[in-house]
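S.K.: fold the following, please.
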Amino acid sequence: MSALPISSSTDAPIKAATTVLGLREMQLSGRPIVMVTAYDHPSAEIADAAGVDVILVGDSAAMVVLGHESTVSITMDEMLMLAAAVRRGASRALIVGDMPFGSYEASDQIAIANAQRFVKEAGCDAVKLEGGGTSAARARAIVDSGIPVMGHIGLTPQTATALGGYRAQGRTAEAARSVIADAKRLEEAGCFSVVIECVPAAVTELITDAIDIPTIGIGAGPSTSGQVLVYHDLLGLRSGKNAKFVRTYADLRGAAIEAVSAYSTDVRSGSYPGPEHMYSIEPGELSDLQRLPASD
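M.R.: Model prediction:
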């Protein structure tokens, strides 16, 4: 069982753990689903304490926390390590493990085996995979094995090169028709939800109307059943320019640089550590120590 979340006077009220069926109930009742992409134990604790419904352990960790230039570099073992850390930090949010590039494309058997690792080794509640087409067949195989699957359409970063780079998808009638078809294929395959990334808002609205399962948007407008942002993006922890769809709710990178700079200044000036940061020894014990013969 995962660790209890951190607590403070500003924590969200304790609620029951989110389930796959619970997301469908939220959709039907009109309550927006809140999803955050996070990658480690302290981030999961904070997201869980804040009351988010779903934590996605995304393969974007390759870029956000491991420093790679794309998502394709991250391995299955690295994803499992991160997902297990998130699971230990969250007791209420639904945890979804993002199946990395190369972990599901080759065959149904490989896809099922790797999905099972997310559940057995990392404690995930579900997995996510990208694309329609053959990915829908892989999703069906994983669902049939008893593991819930979240789909992902529109901009799919693992195949961004084939899509012309990191750019919005579905901006022509034919391209939009293809994205809508992908959503329907994933629903037919048994996916419990689908992420829609970087798709025009009007097209997203058509997708949401065309399928019954919850939709989670990122750069896809307001008509989805919920929204997702990367933890580091919404907290302002990353350098460089954010994507158009990101809203930054804090400048924690700036605050962190300021704090570490202040620490550096105190160390160099000799003001840290101060008396309040030191441990003491009884004078008699110190005298006894000073009379002892020097050790080798």
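S.K.: for L206, give its distance to Q227.
M.R.: In this structure, L206 lies at 18 Å from Q227, with CB to CB, to the nearest Å as the measure. (Glycine included, C-beta is placed from N, CA and C.)
S.K.: okay, now the unreliable bits of the stretch 1-150 of the chain?
M.R.: The model of the stretch 1-150 of the chain has pLDDT under 70 over residues 1-15.
S.K.: what segments of it are helices?
M.R.: Counting by DSSP state H, counting those that start in this stretch, the stretch 1-150 of the chain has these helices, from start to end: 20-29, 41-49, 61-64, 76-89, 108-120, 134-144.
S.K.: could those helices be laid out in a markdown table, adding mean neighbour count and distance to E197?
M.R.: Listed next are the helices of the stretch 1-150 of the chain as a markdown table, based on neighbours: other CB atoms under 10 Å; distance: least, CB to CB, whole Å:
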| stretch | mean neighbour count | distance to E197 |
| --- | --- | --- |
| helix 20-29 | 15 | 18 |
| helix 41-49 | 22 | 20 |
| helix 61-64 | 22 | 15 |
| helix 76-89 | 21 | 19 |
| helix 108-120 | 19 | 21 |
| helix 134-144 | 21 | 14 |
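S.K.: quick one: these as JSON lines, columns for distance to V267 too.
M.R.: Output for the helices of the stretch 1-150 of the chain, formatted as JSON lines (distance: least, CB to CB, whole Å):
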{"stretch": "helix 20-29", "distance to V267": "48"}
{"stretch": "helix 41-49", "distance to V267": "24"}
{"stretch": "helix 61-64", "distance to V267": "29"}
{"stretch": "helix 76-89", "distance to V267": "30"}
{"stretch": "helix 108-120", "distance to V267": "42"}
{"stretch": "helix 134-144", "distance to V267": "51"}
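S.K.: I figured P214 hits S29, correct?
M.R.: No - with contacts defined as CB atoms under 8 Å, P214 does not count as touching S29, sitting 11.4 Å away.
S.K.: confirm R253 sits in a helix?
M.R.: Yes - residue state for R253 (DSSP: H, G, I helix; E, B strand; the rest coil) corresponds to a helix.
S.K.: all further residue positions should be reported with the first residue as 29.
M.R.: From this message on, residue numbering opens at 29, which makes the last subject R281.
S.K.: skipping adjacent residues, who's closest to it in space?
M.R.: Leaving aside its chain neighbours, R281 sits nearest to L265 (5.0 Å; criterion: CB to CB, 6 or more residues apart in numbering).
S.K.: same check, this time on R199
M.R.: In space, not counting the residues next to it along the chain, R199 is nearest to P228; the distance is 6.0 Å by CB to CB, 6+ apart.
S.K.: residues touching that neighbour, list them.
M.R.: A196, G198, R199, A204, G249 (CB atoms under 8 Å, 6 or more residues apart in numbering).
S.K.: out of those residues, which are buried?
M.R.: Among those, those that count as buried by neighbour count (16 or more other CB atoms under 10 Å) are A196, G198, A204, G249.
S.K.: A helix includes the last one, no?
M.R.: Which is G249. No - the secondary structure assignment for G249 gives coil rather than a helix, going by three-state DSSP.
S.K.: what pLDDT does the model give it?
M.R.: At G249 the predicted local distance difference test score is 96.
S.K.: picking up where we left off before, ramachandran angles for the residue nearest to R281?
M.R.: Per-residue torsions, L265: phi -90, psi -10 (degrees, to the nearest 10).
S.K.: what residues are up against the residue lying closest to S131 once chain neighbours are set aside?
M.R.: The shortest distance from S131 to any residue other than its chain neighbours is 4.3 Å, reached at N142 (CB to CB, 6+ apart). Contacts here follow CB under 8 Å, 6+ apart; on that basis N142 touches M104, M127, S131, Y132.
S.K.: adding distance to A150, write the residues you listed out as JSON lines.
M.R.: Output for these, formatted as JSON lines (distance: CB to CB, whole Å):
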{"residue": "M104", "distance to A150": "10"}
{"residue": "M127", "distance to A150": "12"}
{"residue": "S131", "distance to A150": "13"}
{"residue": "Y132", "distance to A150": "16"}
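S.K.: brilliant, that's me finished.
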